[in-house]
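> This is the structure alone, sequence omitted:
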């Protein structure tokens, strides 16, 4: 809805993508990676 929200989503996407790449690099369980990403999204600050 506004530029600040877009920045928050872009930051969250970049952070979660980096965490997923790191998790795959060390061969973590895929379901644990998905759960970690969902928890990361749920912990994003509200507008």
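On my side now, so go ahead. It should be emphasised that the depicted structure is a prediction, and the values quoted were computed from it without experimental measurement.
> Point out the other elements, helices or strands, that the longest helix anywhere in the chain touches.
Ranked by residue count and defined by DSSP state H, the top helix of the chain is helix 3-25. If contacts are counted by 3 or more C-beta pairs under 8 Å, 6 or more residues apart in numbering; DSSP states H and E, helix 3-25 sits against helix 30-42. C-beta here means a position set from N, CA and C on the backbone, and glycine is covered the same way.
> Determine which residue lies closest to the centroid of the chain.
residue 16 (2.6 Å; C-alpha atoms, centre = their mean).
> In contact with it: list those residues for me.
37, 40, 41 (C-beta atoms under 8 Å, 6 or more residues apart in numbering).
> Most neighbours of all these, which one?
Highest neighbour count within the contacts of residue 16: residue 37, with 17 neighbours (other C-beta atoms under 10 Å).
> what separates that one from residue 17, distance-wise?
9 Å (C-beta to C-beta, to the nearest Å).
> how far is the least confident helix or strand in the chain by mean pLDDT from where the chain is centred?
When each helix and strand of the chain is scored by mean pLDDT, DSSP states H and E, helix 30-42 comes last, with a mean of 89. Helix 30-42 has its C-alpha centroid displaced from the chain centroid by 7 Å (C-alpha atoms, centre = their mean, to the nearest Å).
> Next: stretch 6-21.
5 Å.
> what do you get for stretch 36-47?
7 Å.
> Pull the residues that contact it.
Contacts for stretch 36-47 (C-beta under 8 Å, 6+ apart): 1, 4, 5, 8, 12, 15, 16, 19, 20, 23.
> buried stuff in it?
Of the residues in stretch 36-47, residue 37 count as buried by neighbour count, 16 or more other C-beta atoms under 10 Å.
> swap in stretch 10-28?
So stretch 10-28, judged by 16+ other C-beta under 10 Å, has buried residues 12, 16, 20, 23.
> Give the closest residue to the third one in space, chain neighbours not counted.
Counting by C-beta to C-beta, 6 or more residues apart in numbering, the nearest residue to residue 20 once its immediate chain neighbours are dropped is residue 33, at 5.6 Å.
> gap between the closest residue to residue 24 other than its chain neighbours and residue 25?
Leaving aside its sequence neighbours, residue 24 sits nearest to residue 33 (C-beta to C-beta, 6+ apart; 7.1 Å). Applying C-beta to C-beta, the value for residue 33 to residue 25 is 11 Å.
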